[in-house]
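Asks: coordinates for the following, if possible.
(one chain, ligands or ions: 2)
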Amino acid sequence: MNSKAAVLITGASSGIGAVYADRFAKRGHALVLVARDRVRMEELAQRLRQENGVTVELLPADLTDSDGLARVEARLRDDSRIGILVNNAGTAAHGGFLDQAPDDVAQLISLNTTALTRLASAVAPRLAREGAGAIVNIGSVVGLAPELGMSVYGATKAFALFLTQGLHVELGPRGVYVQAVLPAATRTEIWAKSGRDVDSLPAVMEVGELVDAALAGFDARETITIPSLPKVEQWTSFEAARKAMVPNFLQVHAAERYRQGS
Ligand SMILES: NC(=O)C1=CN([C@@H]2O[C@H](COP(=O)(O)OP(=O)(O)OC[C@H]3O[C@@H](n4cnc5c(N)ncnc54)[C@H](OP(=O)(O)O)[C@@H]3O)[C@@H](O)[C@H]2O)C=CC1
Ligand SMILES: CC(=O)[C@H](N)C(=O)O
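Replies: Ligands and ions are numbered 1, 2, ... in the order given. Sure thing, here's the model as predicted:
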């Protein structure tokens, strides 16, 4: 992969996406920034152009809107300068499942899973043809922790993790690197936007530290990067247990515990 490939970052107007933009600009990459808030992106873009001398283009779009999403998909399909997609745009939900209106749930799923998948789908064939490039999906540790009571949000993040692992299997041999980053609580606007006080949490990572760790995982070509997890062995043994189960799924008969009266 050309190390100076342009990077398209969704959700680049604030938080994790804005810091990814800063870090990739510092590394000398041209950027395409996607989010709804053009003014905030323009402020960021001006600073990044001045500080780093890189090209920064804006592609304002609502990724839950079919026209907006289609414009970003077209850019990813057609612009051969873009070699890295950072699929970061996402929202969290207010309250628990019983408090969430079906339309709000659908909107969350639309951004966190449908848009993420469609954007990966738009860029992947071109990257596979080129035998180079990267797709970074921002998941969450919440996708591993149904106990946290964020069922729909967590399910969208479990989706991002699974999709990444599947795409790693499918696209890795074609030369495309796929990474899932699973942040834990990180100080960004997502908390206030979803009606929660980030300062009530026992531990919160600063967003710069989170993105720098995610990029260390990127540079190491990790498939799954969990910046806050102290011992990577906990993740690798979890994965080993899952993989050990897979060969046992295909059986002619139901397991003994389900055989009634036989
Ligand atoms: N902060 C945290 O604790 C954690 C965050 N994450 C994940 O990190 C990612 C980034 O979130 P974070 O930086 O924290 O939060 P922010 O709220 O700061 O950033 C979210 C970004 O997504 C954009 N966005 C929201 N809705 C849309 C939309 N409909 N179309 C296009 N862009 C949209 C926002 O821009 P705009 O409003 O301009 O459209 C903004 O740039 C999310 O996927 C989140 O789930 C994961 C784990 C922990
Ligand atoms: C940002 C969130 O709402 C969530 N708690 C997470 O850590 O992913």
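
Asks: do you have the strands of the stretch 151-262 of the chain handy? List them.
Replies: Here the stretch 151-262 of the chain has its strands, by DSSP state E, counting those that start in this stretch, at 177-181, 224-225.

Asks: for ligand 2, what are the nearby residues on the stretch 151-262 of the chain?
Replies: Proximity of the stretch 151-262 of the chain to ligand 2, by CB under 6 Å from any ligand atom, involves residues 184-185, 190, 194. (Glycine included, C-beta is placed from N, CA and C.)

Asks: measure Ser237 to ligand 1 for me?
Replies: Distance, Ser237 to ligand 1, using CB to the nearest ligand atom, to the nearest Å: 23 Å.

Asks: and Asp219, by the same measure?
Replies: Using CB to the nearest ligand atom, one obtains 20 Å as the distance from Asp219 to ligand 1.

Asks: quick revisit: the residues of the stretch 151-262 of the chain next to ligand 2 in helices, which ones?
Replies: Ile190 (DSSP state H).

Asks: quick check, nearest of the residues of the stretch 151-262 of the chain next to ligand 2 to Lys26?
Replies: Ile190 (23.6 Å; CB to CB).

Asks: which parts of stretch 141-161 are buried?
Replies: Going by neighbour count (16 or more other CB atoms under 10 Å), the buried part of stretch 141-161 is 141-144, 150, 152-161.

Asks: swap that for stretch 49-61, please
Replies: So for stretch 49-61, counting by 16+ other CB under 10 Å, buried means 52, 54, 56, 58-61.

Asks: out of the residues you listed, which are inside helices?
Replies: Those of these mapping onto helices are Asn52, per DSSP H.

Asks: near ligand 1 too, which of the buried residues of stretch 49-61?
Replies: Okay, of the buried residues of stretch 49-61, nothing touches ligand 1 (CB under 6 Å from any ligand atom).

Asks: need the buried residues of stretch 49-61 in JSON lines (columns: pLDDT).
Replies: As requested, those are exported to JSON lines (pLDDT from 0 to 100):
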{"residue": "Asn52", "pLDDT": "98"}
{"residue": "Val54", "pLDDT": "98"}
{"residue": "Val56", "pLDDT": "98"}
{"residue": "Leu58", "pLDDT": "98"}
{"residue": "Leu59", "pLDDT": "98"}
{"residue": "Pro60", "pLDDT": "98"}
{"residue": "Ala61", "pLDDT": "98"}
